[in-house]
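Participant: A predicted structure for the sequence below; I have some questions about it.
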Amino acid sequence: MTETIVRAVRLSRIYSEVRALEGVDLEVARGEWVSVMGPSGSGKTTLLNILGGLDRPTSGRLSVDGTDVTALPSKELARYRRETVGLVFQQFHLVPYLTALENVMLAQYFHSMADESEARTALEAVGLGERLHHLPAHLSGGEQQRVCIARALINEPRLILADEPTGNLDAANEEIVLDILRQLHVKGHTLVIVTHDARVGRLADRLITLEHGRVVRTEANGHGPRQPAEVSLPTLIPE
Amino acid sequence: MRFAWRILAGSLRHQHARLSIAALAMVLGSALVSGLLNLSGDIGGQVGRELRAFGANLVIRPREPSLRVGSGELDFGTVAETAMIRESDLESVKRVSGVVGFVPYLYAVVEAEGRPAVLAGVDVRAARAINVWWQVRGQWPEAEDEILVGVRAAAALRSGPNGPSLEPGDTVKVEYRSEARRMRVVGLLETGGAEDDQLVGDLPTVQSLTDQPGQVALVIVSALTSSRPLEAVEQDLQTLLADAEVRTLAQFARAEATVLNKVRRLIGLVAALVLTAGGLTVAGTLNTIVIERRAEIGLMKALGAADRRVAGLFLTEALSVGVVGGMVGYLAGLGLAAAIARSVFEATITPTAWGLPGTMLVGLAVTLVAGLLPVRRALSIDPARTLRGE
């Protein structure tokens, strides 16, 4: 019996006249990889923002790991973001004047306390052991995305949310990032990934398609949620 | 905490061009504040010393016992006994805080060349130091029986209606009761006051002529009012000299207080205006920085940064501008104060003890206040929108 970590009920988000999300129901099991696809403006990013505590639904309820996220005041919502979710962005969003190592430590600093050795290990785990002290401007797109993933993982979040994680990458770097995501899934992390890439969609346990803010299709890929594996981060170093 | 410093160092390096402008504005503001603080600390003394050129501000006179006399309904007025102050009592006057110096006087009505005249005996050295407006043509008396003659007295004592005025080198026969002496005129004195009609000699000369050793009739005192009010000095003197009467020369005291107050008000006003301008520049710069770094702030909030952490990062940046601006400004202000003191007062300046802490405190307060609005703006940033690039 798999445990449900995300439970969204009738989620709606309305911006002035625009109904970005309308009555979305979603359940995600612990260790499950759910991909969300759909055309531009279908509400994918809005759904991800609400799951990540970056936005609030106009109506409906969202509970993550037993916490009613929709009822959290701003201060608690910030705590939810730093303790429960790890965010991976299409544009990476690294702080330009901090090194790769410091960008990872930034998430630790906001969470509790920066720990350089832990951050170093996390970057080594995504294959950036040699690029620790490089500024983002001196890293390739794929390397920046890996820093972004290391930053998302550093506080051991219960839910990893990624918005088009391979959207800005070339084929080689896309492969590296997908490999990391696959290994995270193998280790039992719960992933919700918004993508336009059918390949990424197929890797998920379940693919949800949104159109006009509504769920129009849910497809199971047949390989259900993984059970957590006893694997430490350094084994994630890509081949 | 150490990581916060790494973020701050990186951010300062990244924003150095823009922050330099804000720091420069604070350097200018702090330099003026520091200069004005150092000047205002010393300016009281400077202005006081300048005003001392216009004379003393306290006078000590003996209390004269008097008796009203009359007969029946007729009031003949008061009969006073001439009282004196002992010169030895004046030793303690020098020790009163604020007293710069004093000049004792003794007067005698004498016959000079057969005509009545007033002979004033003064402590010549003290008079030269304190009565700096006294203009002497010739020499100051140094030996016994040497005198100055007031310019009008010199004309009045000429040898005939068309005779020449007295000149340095002439001698004058001075008679007091049965005592007669020949005194040598060493200089002509012009003060614009009563001394122009008098003969002025050294105090011991007049004391011996009038047979009043160690006695003086009047003392004028010069006190600096920058460190304590004139009334306090007056009070101390009165306590010391119970048999005498101490009065302020109100005109000078008021003039001094007015000038000092006006100078201080001007200083305060200029400092406030300069700091306001500096604060606005810092606020404007920080505001621009917040706008430019919206994505970074949005990211911090998306990573779950508490508001106090985001506010802390930006306020620390603002305060570092204040620290740098305050330190450099303090040193520049010290130089400015020294230059003003040299060119305006022809004096050197002593740095005020509270100049550095005062400048730093004001600089930090201004940057902190200037940083509040930009920080508020930073905290209101919506992470979802900024990360979308809106």
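Facilitator: Cool, got the structure. Note that the coordinates shown come from a computational prediction; the quantities given were computed from them, not determined experimentally.
Participant: Output the longest helix belonging to chain A.
Facilitator: helix A:171-186 (DSSP state H).
Participant: what comes up buried for that helix?
Facilitator: Across helix A:171-186, burial judged by 16 or more other C-beta atoms under 10 Å in any protein chain shown covers A:173-174, A:176-181, A:183-186. In short, each C-beta sits where N, CA and C put it, glycine included.
Participant: Show me what that helix is packed against.
Facilitator: helix A:141-153, strand A:191-194, helix A:198-203 (3 or more C-beta pairs under 8 Å, 6 or more residues apart in numbering or on different chains; DSSP states H and E).
Participant: For that helix, the averaged confidence score.
Facilitator: Rounded to a whole number, the mean pLDDT of helix A:171-186 is 88.
Participant: go on, stretch A:72-83?
Facilitator: Rounded mean pLDDT across stretch A:72-83 is 94.
Participant: tell me the contacts of the residue in chain A positioned nearest to chain B?
Facilitator: Of all residues in chain A, A:Arg82 sits closest to chain B, at 2.4 Å by C-beta to the nearest C-beta. Residues in contact with A:Arg82, defined by C-beta atoms under 8 Å, 6 or more residues apart in numbering or on different chains, are A:107, A:110-111, A:155, B:303-305.
Participant: returning to what we had before: and the helices and strands packed on helix A:171-186 as TSV, adding mean neighbour count?
Facilitator: What follows is those, written out as TSV (neighbours: other C-beta atoms under 10 Å in any protein chain shown):
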stretch	mean neighbour count
helix A:141-153	25
strand A:191-194	26
helix A:198-203	16
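Participant: Just send the ones you listed back as TSV, with distance to chain B too.
Facilitator: As requested, the helices and strands packed on helix A:171-186 are exported to TSV (distance: least, C-beta to the nearest C-beta, whole Å):
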stretch	distance to chain B
helix A:141-153	8
strand A:191-194	13
helix A:198-203	20
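Participant: Out of those, which gets the lowest mean score?
Facilitator: helix A:198-203 (a mean of 86).
Participant: what does chain A have sitting close to chain B?
Facilitator: Proximity of chain A to chain B (C-beta under 8 Å from any C-beta of the partner chain) is limited to residues A:45, A:49, A:52, A:54-55, A:75, A:78-83, A:87, A:89, A:91, A:93, A:95-98, A:102, A:105-107, A:109-111, A:114, A:151.
Participant: Helices of chain A, residue ranges please.
Facilitator: Using DSSP H, helices in chain A cover A:44-51, A:74-83, A:100-111, A:116-125, A:141-153, A:171-186, A:198-203.
Participant: Using the neighbour-count criterion, name the buried positions in the second one.
Facilitator: By 16+ other C-beta under 10 Å, the buried positions in helix A:74-83 come out as A:77-83.
Participant: what packs against whatever helix or strand B:Gln207 lives in?
Facilitator: Taking DSSP states H and E as the definition, B:Gln207 sits inside helix B:203-209. The contact analysis (3+ C-beta pairs under 8 Å, 6+ apart) places helix B:203-209 against strand B:99-112, strand B:115-122, strand B:179-190.
Participant: Let's see that with 6 Å instead.
Facilitator: With contacts taken as 3 or more C-beta pairs under 6 Å, 6 or more residues apart in numbering or on different chains; DSSP states H and E, helix B:203-209 sits against strand B:115-122.
Participant: which other helices and strands contact the strand it packs on?
Facilitator: Using 3+ C-beta pairs under 6 Å, 6+ apart: strand B:115-122 touches strand B:99-112, strand B:199-202, helix B:203-209.
Participant: Output the below-cut-off pLDDT ranges for chain A.
Facilitator: The model of chain A has pLDDT under 70 over residues A:1, A:222-239.
Participant: who does the residue nearest the centre of it bridge with?
Facilitator: Centrality entry for chain A: nearest residue to the mean C-alpha point is A:Leu161, 1.8 Å, by C-alpha atoms, centre = their mean. Listed beta-bridge partners, A:Leu161: A:Leu87, A:Val192 (assigned using DSSP bridges).
Participant: now what about stretch A:90-105, what contacts it?
Facilitator: Contact with stretch A:90-105 is made by A:114, A:119, A:122-123, A:128, A:131-136, A:144-145, A:147-148, A:150-151, A:154, A:163-164, A:167-168, B:3, B:10, B:14, B:296, B:299, as judged by C-beta atoms under 6 Å, 6 or more residues apart in numbering or on different chains.
Participant: Relative to the whole chain's centre, how far out is it?
Facilitator: Distance of stretch A:90-105 from its chain centroid, counting by C-alpha atoms, centre = their mean, to the nearest Å, is 16 Å.
Participant: distance between the ends of it?
Facilitator: Counting by C-alpha to C-alpha, to the nearest Å, you get 20 Å between the two ends of stretch A:90-105.
Participant: ok so, going back, generate a PyMOL selection restricted to the buried entries among the residues of chain A next to chain B.
Facilitator: Remark: buried members of these, expressed as a PyMOL selection using 16+ other C-beta under 10 Å:
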select buried, chain A and resi 45+49+52+54+55+78+79+80+81+82+83+87+89+91+93+95+97+98+102+105+106+107+109+110+111+114+151
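Participant: Show me which helix runs longest in chain B.
Facilitator: Ranking each helix of chain B by length (DSSP H) puts helix B:250-292 first.
Participant: Any part of it near chain A?
Facilitator: No: using C-beta under 6 Å from any C-beta of the partner chain, helix B:250-292 never reaches chain A; the gap is at least 11.0 Å.
Participant: Any part of whichever helix or strand comes after that helix near chain A?
Facilitator: Downstream of helix B:250-292, the next assigned helix or strand under DSSP H and E is helix B:294-302. Yes: counting by C-beta under 6 Å from any C-beta, contacts between helix B:294-302 and chain A involve B:296, B:299, B:302.
Participant: Can you get me a residue count around the first one?
Facilitator: In other words, B:Glu296. B:Glu296 has 24 neighbouring residues, counting by other C-beta atoms under 10 Å in any protein chain shown.
Participant: same deal with the last one?
Facilitator: Residues near B:Ala302, counting by other C-beta under 10 Å, number 24.
Participant: thought it was touching B:Pro383?
Facilitator: Yes: assessed by C-beta atoms under 6 Å, B:Ala302 is found in contact with B:Pro383 at 4.2 Å.
Participant: Common neighbours of those two, please.
Facilitator: In contact with both B:Ala302 and B:Pro383: A:Leu54, using C-beta under 6 Å, 6+ apart.
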